[in-house]
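Trainee: test case, fold it:
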Amino acid sequence: MKKALLVVTLAVCALFYLREGTHTWLFYGDALGYYLYLPATFIYHNHKSLEKLPPDPQIAPVIYWSLGEMGRTKRAESGRVINQYTYGVAFMEMPFFLAAHAYEKIRGGPANGFSRPYHYALLLSAVCYTLLGLLLLYRTLKSFFEPAAALLSAVLLLLATNLLWFTLYQAGMAHVPAFFLFSALIYLTHVLHRGRRTGQYALAGFLCGLITVIRPVDIICLLIPLLYGVYDRRSLLAKAAMIRADIGKVALATCCFVVPLIPQLVYWKVLSGHGLYDSYGPEQTFDFLHPQVWKGLFSAANGWLVYTPVMFFALAGLLLFRRYRPLALSLWVILPVYVWVIYSWYVWNYINGFGSRPMIHMYPLLAFPLAAFIAWMLRRPPALRMVCWLLLALCTVYNVFFSIRQARGTLVSDYTNGAFLRQTLFRYHLRYSDLIVYDVGHRQPDADGLRLVHSFPCVRPADTLPGTVRDSAGELCYHITGAEEYPPFQIEVPYREEMGHIRWAACSGIFNAPDVIENIHSHMRLVFDVRRGNTIIHWEALRINNKIGMDDSQRLRLFRFKTGQWDKVRYYAKVPEDIREGDIMRMMIWNIGKNEMYVKSVCLELYD
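Mentor: Model (predicted):
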């Protein structure tokens with residue numbers, strides 16, 4: 001069974017990468033920020049001006065654009081640009097980077113730090129750290145559980161969680177190195193409490209320092225060795241006695257903890273003038289008084305348990321703490337504190353990823369209650385055991401399915417909603433109505449079951465309106481420019497009681513997008529809102545750019561674009577149940593990204 005499970009695991013990983021991961025590009029966003037220290041150190045020697053690279057046609061334009069954004073937004077008081085990301089991930093990637101750099105030098109390739117071999121180096125680093133982390137975790141788990149439970153727990157961490165995504169699709173982020181380091185720290189802590197050797201103390205301190213420099217909030221990792229083996233008063237006294245007896249080794253561990261922090265502190269001091277520097281700035285911060293724990297755990301927008309339901313079994317295993325008693329207190333203390341901290345971050349859904357990515361750092365700890373649940377399951381009657389097997393298999397299929405959809409662009413988990421997830425559950429291909437539901441957050445009604453209550457004259461461009469032009473067929477249209485946030489296409493209707501019951505507002509327009517707008521946040525919107533006095537009591541909006549030219553006959557993705565053609569974009573917006581006399585219903589165009597668009601008309605109809 002062990003060999004069969006490993007073969008299946010490797011087959012799933014290989015198929016996922018070969019079908020979905022071979023076309024990825026890793027040098028963007030957070031991964032690029034972490035990585036920049038390596039070419040800056042070994043190629044360009046530009047730590048004081050990371051945002052500047054010499055012109056090179058073999059470096060992708062997106063790299064120069066990203067560095068330009070860094071130069072625009074990340075300047076310190078000293079006037080220098082400071083990388084907001086710490087160097088720890090780059091340190092972990094360094095052996096793989098150097099191998100790729102040597103390979104490019106030997107073969108005479110573009111040894112510029114950003115060619116394809118460097119991309120594969122980042123991918124290989126993620127694969128190696130995931131496998132090493134799982135191996136160390138498995139060896140530790142075997143000290144507490146039977147091998148079958150230990151192995152299945154490790155396999156589920158890979159196949160049934162977003163660790164799979166960040167290993168094989170979006171490598172280069174901090175989460176896989178952190179997963180490995182937490183696994184190594186747990187393994188070393190377990191070994192240390194048996195051997196208590198000087199080298200073990202030193203390595204444990206260094207690992208804690210490296211975890212902290214990768215992600216400073218993970219300094220909570222110090223509680224793992226500190227609380228290990230503590231579960232009652234007697235064990236607490238024994239731990240205190242151990243620390244007193246090994247005080248010199250503890251001091252060495254403390255010094256080794258500081259060592260990985262020194263290069264980061266020096267970098268901040270040289271560039272900003274301050275030894276401690278908040279490289280994220282005042283806008284990217286924590287609000288510890290208002291954590292979004294519920295959303296972080298259960299929101300359709302990257303909620304942890306929504307995208308990683310296998311962890312419900314780990315949470316159930318928390319009650320079986322006697323099976324992993326030496327680590328139980330660490331887990332019970334660290335997990336709630338960590339959840340509180342990470343969901344106090346200003347972007348609680350942690351965009352640019354799949355699922356709740358900072359929780360990957362907790363998976364090595366959560367492997368123990370997960371293994372405890374599996375061990376409990378293996379001793380149950382056959383019927384109950386079969387139900388549990390089916391649920392675990394379903395969690396695995398669920399994760400792989402959503403990973404494939406995320407890779408193919410039929411899911412973007414950062415900003416999705418429950419209605420979209422439910423409507424598209426276990427469906428690879430999207431329909432046009434799915435694109436609408438992704439934007440507005442509710443299902444569209446059956447048009448055949450609606451009754452038209454009122455139809456208003458459509459707003460069309462006039463010859464006298466500045467900005468009016470003619471299309472290739474000679475018809476009038478309006479050219480929305482980047483200078484107009486709210487173009488002059490708006491319909492306002494006061495609600496009157498004689499209108500009767502209104503359930504839906506059909507908002508539509510005929511549009512033509514001249515350019516592809518990749519940034520989803522910059523898409524033009526068709527907005528419907530309801531105002532009561534100066535208060536907006538209802539608001540929803542549909543992205544226009546990715547609806548033009550799309551229908552059910554095509555392989556739809558959430559952000560696929562067609563330019564240079566006219567098409568009607570239409571959706572049904574909800575009208576509030578409590579709408580009353582004098583409320584103003586309004587439909588308008590919102591050019592949020594200050595882009596270009598052509599429009600021939602916008603129309604509003606009210607339905608029951």
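Trainee: make it CA atoms for all contacts and neighbour counts henceforth
Mentor: Will do.
Trainee: contact partners for residue 154?
Mentor: 134, 137, 138, 367 (C-alpha atoms under 8 Å, 6 or more residues apart in numbering).
Trainee: ok, 10 Å please
Mentor: Contact criterion C-alpha atoms under 10 Å, 6 or more residues apart in numbering gives 131, 133-138, 141, 160, 363-364, 367-368, 370-371 as the residues in contact with residue 154.
Trainee: report the buried residues of the helix or strand where residue 207 lies.
Mentor: Residue 207 is part of helix 198-214 when elements are defined by DSSP states H and E. Buried residues in helix 198-214, counting neighbours by 16 or more other C-alpha atoms under 10 Å, are found at 200-214.
Trainee: same deal with stretch 100-115?
Mentor: So for stretch 100-115, counting by 16+ other C-alpha under 10 Å, buried means 100, 101, 104, 110, 111, 112, 113, 114, 115.
Trainee: who are the packing partners of the top strand by length along the chain?
Mentor: Ranked by residue count, the top strand of the chain under DSSP state E comes out as strand 597-607. Applying 3 or more C-alpha pairs under 10 Å, 6 or more residues apart in numbering; DSSP states H and E, one finds that strand 597-607 makes contact with strand 452-455, strand 468-470, strand 476-480, strand 490-494, strand 504-512, strand 567-574, strand 584-590.
Trainee: next, the angle strand 476-480 makes with that strand.
Mentor: In this structure, strand 597-607 runs at an angle of 110 degrees to strand 476-480, with axes from the mean of the first three to the mean of the last three C-alpha atoms, to 10 degrees as the basis.
Trainee: hang on, the earlier thing: nearest to residue 557, out of the contacts of residue 154: which one, please.
Mentor: Proximity of the contacts of residue 154 to residue 557 was ranked by C-alpha to C-alpha; the top entry is residue 160 with 24.1 Å.
Trainee: ramachandran angles for the closest one?
Mentor: The main-chain torsion angles of residue 160 are listed as degrees, to the nearest 10 and equal phi -110, psi 10.
Trainee: burial check on it, number of neighbours?
Mentor: Close neighbours of residue 160, defined as other C-alpha atoms under 10 Å, add up to 25.
Trainee: tell me which of the helices and strands packed on strand 597-607 sits nearest to residue 520.
Mentor: When those are compared for distance to residue 520 using C-alpha to C-alpha, the nearest one is strand 584-590, at 13.8 Å.
Trainee: and that closest one, which strands flank it?
Mentor: According to DSSP bridges, the neighbouring strands of strand 584-590, each with its direction, are strand 490-494 (antiparallel), strand 525-532 (antiparallel).
Trainee: of the ones you listed, which stretch is the most buried?
Mentor: The highest mean neighbour count among these belongs to strand 525-532 (a mean of 21), with neighbours defined as mean count of other C-alpha atoms under 10 Å.
Trainee: and it, how far out from the chain's middle?
Mentor: A distance of 29 Å separates the centroid of the chain from that of strand 525-532, by C-alpha atoms, centre = their mean, to the nearest Å.
Trainee: C-terminal to that strand, what's the next element?
Mentor: Using DSSP H and E, the helix or strand that directly follows strand 525-532 along the chain is strand 535-543.
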